[in-house]
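Novice: when you get a sec, could you give me coordinates for this:
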Amino acid sequence: MSGPLKDLARTFDRVADAYDEGRPGYPDEVYRAMTEVSGVELDGATAVDVGAGTGIMTRALRARGSRVIAVDPGEPMLAHLVAKSGARGQKPAGGEERAAPVAAVMGDGNALPLTDGVADLVMYAQSWHWLDPAASIAEARRVLRPGGAIVGCWNFNHAAQADWLAAYETRLAEEVPTYYGPAVEEWSVPPIASAFEVVGERWIPWTRLVGIEHFLLDLRSHSYMAALSPERADEVVARRRAELRAAFPEGVLSVPMRVYLAVGR
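Specialist: The predicted structure follows:
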């Protein structure tokens, strides 16, 4: 594993619990669009989830019938994934066998620890921007079978749709030196569409209803927060908590979101 990815893994290792509890999943429309654009049926497909983290995308693909190989450089992140992946051959009370457990592998998305031609789908959910653009896509092509697809997707707060959310992002940008998000002028979606031949791109809007504390766990899970000292991170979170509780005394947020999806072959 390369030095930068080792450093990245250590960064996310520090916030693995917050990542597991706070990060949102993806709306159903993402999976419908993924199948429609790629031509790959998720039910029965072998999917490699690169940068799988704690398994948010892994579990969603598995629930839709995919056999998933989860690859991530961080042991604590994979530990959360494995803990929730189930066990092969167990049968619930109804007698119907559960899906086979996920294959979880510590590894580098720039040098996948997999043989050639093993996958129908190579998935990057919130992860491709951490990898080398050329090396990662070359590896994806290597492990794909003919007719397979590469998919990248990212969940974003859609700050332009809510004044409170835009102000929240602006305050983060002011207080956190390494913040990168919609409050930064040069912010944009990762340029995965320029790394391979894209057959389709989609923007999928959705709304996340979430309690303030879970929303703040999501905040803690980001790399720019993990780069702060624990004391400094606590201060930033405390200020956001006070502001959100004052604005939303019922304790529930309606967060406008959108998913960017890019599919290539």
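Novice: for the lengthiest helix in the chain, buried residues please.
Specialist: Ranked by residue count and defined by DSSP state H, the top helix of the chain is helix 230-247. Buried residues in helix 230-247, counted by 16 or more other Cβ atoms under 10 Å: 233, 236-237, 240, 244. The way it works is simple: take the backbone N, C-alpha and C, and place the C-beta from them, glycine included.
Novice: what's the answer for stretch 191-200, then?
Specialist: Residues of stretch 191-200 classed as buried: 192-193, 195-196, 198, 200 (neighbour count, 16+ other Cβ under 10 Å).
Novice: so where do the strands sit in this protein?
Specialist: Ranges of strands within the chain are 46-50, 67-72, 103-106, 119-125, 144-157, 198-211, 252-264, based on DSSP state E.
Novice: show me where the stretch 51-200 of the chain dips below the pLDDT cut-off.
Specialist: Along the stretch 51-200 of the chain, the model assigns pLDDT under 70 to residues 86-101.
Novice: can you give me the helices for it?
Specialist: Secondary structure of the stretch 51-200 of the chain (DSSP state H, counting those that start in this stretch): helices at 56-63, 75-83, 133-143, 163-175.
Novice: ok, back up a step: the longest helix of the chain to strand 252-264, inter-axis angle?
Specialist: For helix 230-247 against strand 252-264, the angle by axes from the mean of the first three to the mean of the last three Cα atoms, to 10 degrees is 120 degrees.
Novice: neighbours around Trp164, how many?
Specialist: 15 (other Cβ atoms under 10 Å).
Novice: separation between it and Leu253?
Specialist: Look at Trp164 and Leu253: by Cβ to Cβ, to the nearest Å, they are 9 Å apart.
Novice: most packed of the helices of the stretch 51-200 of the chain?
Specialist: Looking across those with neighbours counted as mean count of other Cβ atoms under 10 Å, the highest average goes to helix 56-63: a mean of 22.
Novice: list the contacts of that one.
Specialist: By Cβ atoms under 8 Å, 6 or more residues apart in numbering, the residues outside helix 56-63 that reach it are 23-26, 31, 42, 47, 49, 52, 68, 70, 81, 84-85, 99, 102, 121, 123, 125, 153.
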